[in-house]
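**Student:** how does the following fold in three dimensions:
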Amino acid sequence: NAIDAGATEISLKIHDCGLSFFRIEDNGKGMNAEELPLAPLRHFTSKLERFDELWNLPTYGFRGEALASIASVSHLTIYSKTQNLSHGHRLEMKYGEITAMEPSHGLLQNHGTIIVVEKLFENTPVRLNFLSQRKQEKQKLLRLLHSLFALYYHIEFRLELDEEISPTYKKCASLAERLSQLKNIPVHEIHVLESQYDQFDLSFYYYQGPKKLPSGDIIFNGRWLQMGKWMAMIQKLLPPYHHYLLLVNLPKSQVDINIHPNKTELHTLSAPQILSLLASLVNQHTERYRDLNPQFLLVVPDGKYQRD
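**Tutor:** Take a look at the predicted model:
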């Protein structure tokens, strides 16, 4: 929501993996007194202007489900202020019920929004049984955040996780520069492969990391995904101990993101072409070939396809 609101600075403060407390502050457009009570209601949205946008969503979401779901299982407080108002407003909810809506002075000097969530799942303790151990949850959280930090390198991020303050990730000129910030490696050690084919653009970043289990992240149209089969196939392309980030942009009409409840997987008819192009790029760059799958199609210079 902060990114959709046009924020250029976002601060996050997270305790106990967000279960006891998390706070997100942005300098986006903010909400006025009429909009604020609608934000955490189910099926409400301010992100659609025309009906046909349903087929070409330009934002991270439109249904209003996330805030409504969070509000139903936590203590939620939202402070928000628009640029043209002298003061902001404060909305407080407890387990889905609005308990306060009042003017707020001083907390937000300029336009923006602060969202504070406390006591997550306190009213539904059985949900806690579905969580991993805290260490694993923290790793998942960092992986998601770092992927978004990399993708939105033009935004400044500040992160405090369990009272451990990370360096401020200043705005960068390129994604490779932001990866250098996040991974603490020189920019020149990050390999960048880019190409375009038909209706999609592909960018692939890979670098040598610590000698441990390598990791990779996949982002389609700005959305972080966890596609196990893709990740395993891509890893086979790379030399040992290399980590990667794959970015793909293609027409939203060619993507079905509604195949997984958490929106962490997708289907696209362009999958063979994307994987083929990626394999060709990496193979040319590393001067090595590893057969991922006999069904893969390899791109050849004349634009046709051949089986290998």
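**Student:** tell me how many other residues crowd residue 111.
**Tutor:** Residue 111 sits with 21 neighbouring residues when counted by other CB atoms under 10 Å. Yep, even glycine has a C-beta here, placed from its N, CA and C like the rest.
**Student:** got phi/psi on it?
**Tutor:** The phi/psi pair for residue 111 (degrees, to the nearest 10) reads phi -80, psi 150.
**Student:** residues in contact with it?
**Tutor:** Counting by CB atoms under 8 Å, 6 or more residues apart in numbering, residue 111 makes contact with 27-30, 81-83.
**Student:** go on, residue 147?
**Tutor:** Residue 147 touches 217, 219, 224, 245, counting by CB under 8 Å, 6+ apart.
**Student:** now do the strands in the stretch 201-308 of the chain.
**Tutor:** In the stretch 201-308 of the chain, the strands defined using DSSP state E, counting those that start in this stretch lie at 216-220, 223-225, 242-249, 255-256, 267-268, 297-299, 305-307.
**Student:** do the same with the stretch 51-200 of the chain
**Tutor:** Using DSSP E, counting those that start in this stretch, the strands of the stretch 51-200 of the chain run over 75-81, 88-94, 97-104, 112-118, 156-161, 164-165, 191-197, 200-208.
**Student:** so which of those strands gets nearest residue 4?
**Tutor:** When the strands of the stretch 51-200 of the chain are compared by CB to CB, strand 112-118 sits nearest residue 4, at 11.0 Å.
**Student:** neighbouring contacts of the closest one?
**Tutor:** Contacts for strand 112-118 (CB under 8 Å, 6+ apart): 1-2, 5, 7, 18, 20-28, 30-31, 70, 74-81, 107-108.
**Student:** hmm, residue 243 is touching residue 209, no?
**Tutor:** Yes. With contact defined as CB atoms under 8 Å, residue 243 and residue 209 form a contacting pair (4.4 Å).
**Student:** now for the two: what residues contact both?
**Tutor:** Counting by CB under 8 Å, 6+ apart, the contacts common to residue 243 and residue 209 are 183, 215.
**Student:** neighbour count for these two, which is higher?
**Tutor:** residue 243 (22 against 15).
**Student:** partner residues bridging the more buried one?
**Tutor:** residue 207 (DSSP bridges).
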